[in-house]
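Q: Using only what follows, build the 3D model:
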Amino acid sequence: MKDSENGTVKNGRPDEAKEFLPPLEFSSLVLPFYMPALIKLGLIEDPTTNRFQPNMDHGRRLIDLLDLLKEKTQGNLEPGEEKFLSSAILQLKEAYLRKSSGRED
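A: Residues are numbered from 1 along each chain as shown. Reported below is the predicted structural model:
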């Protein structure tokens, strides 16, 4: 059963820990592409290896997926959602261009 106050789910057994559920909002669709893109662009460490392991092709694909999401949701987003998505894409594209051109400002 869902605890609406903190977005957790409990199996109904008192000895089991609650499992976190992300909020039911637009950012929950963007972040699963945004965070791995940061990792693949070498901007943050991969939390599974604790190492920087850039993969520019994979990073570019994640940016393209966010662009596709923006295209497919055009006209259906709240202003704050549109700004969030556009900002995420812009930040990733700028990082991609810096990394791929060899500039590490």
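Q: ok, D57 to A37 distance?
A: To A37, D57 is 12 Å away according to CB to CB, to the nearest Å. Bear in mind the C-beta positions are built from the backbone N, C-alpha and C, glycine included.
Q: okay, those two: which has more neighbours?
A: The neighbour comparison of D57 against A37 (other CB atoms under 10 Å) goes to A37, with 27 against 8.
Q: ok, now which ones touch the more buried one?
A: A37 sits next to 59, 62-63, 66, 92 when contact means CB atoms under 8 Å, 6 or more residues apart in numbering.
Q: repeat for E81
A: 26-27.
Q: Please apply the same query to P79.
A: No residues are in contact with P79 under the rule CB under 8 Å, 6+ apart.
Q: picking that back up, quick one: which of the contacts of A37 is nearest K72?
A: Set against K72, the nearest of those by CB to CB is L66 (10.8 Å).
Q: buried sites along stretch 59-70?
A: Taking 16 or more other CB atoms under 10 Å as the neighbour-count basis, stretch 59-70 is seen to contain the buried residues 59-60, 62-63, 66, 69-70.
Q: Ok, stretch 78-91 next?
A: Using 16+ other CB under 10 Å as the burial criterion, the residues of stretch 78-91 that qualify are 81-82, 84-85, 88-89.
Q: where does the chain have low pLDDT?
A: Across the chain, the ranges flagged by pLDDT under 70 are 1-16, 104-105.
Q: residue ranges of the helices in it, please?
A: Secondary structure of the chain (DSSP state H): helices at 27-40, 56-72, 79-101.
Q: Kindly state which of those is positioned closest to F20.
A: helix 27-40 (11.8 Å).
Q: can you give me how far that closest one is from the chain middle?
A: How far helix 27-40 lies from its chain's middle: 2 Å, per CA atoms, centre = their mean, to the nearest Å.
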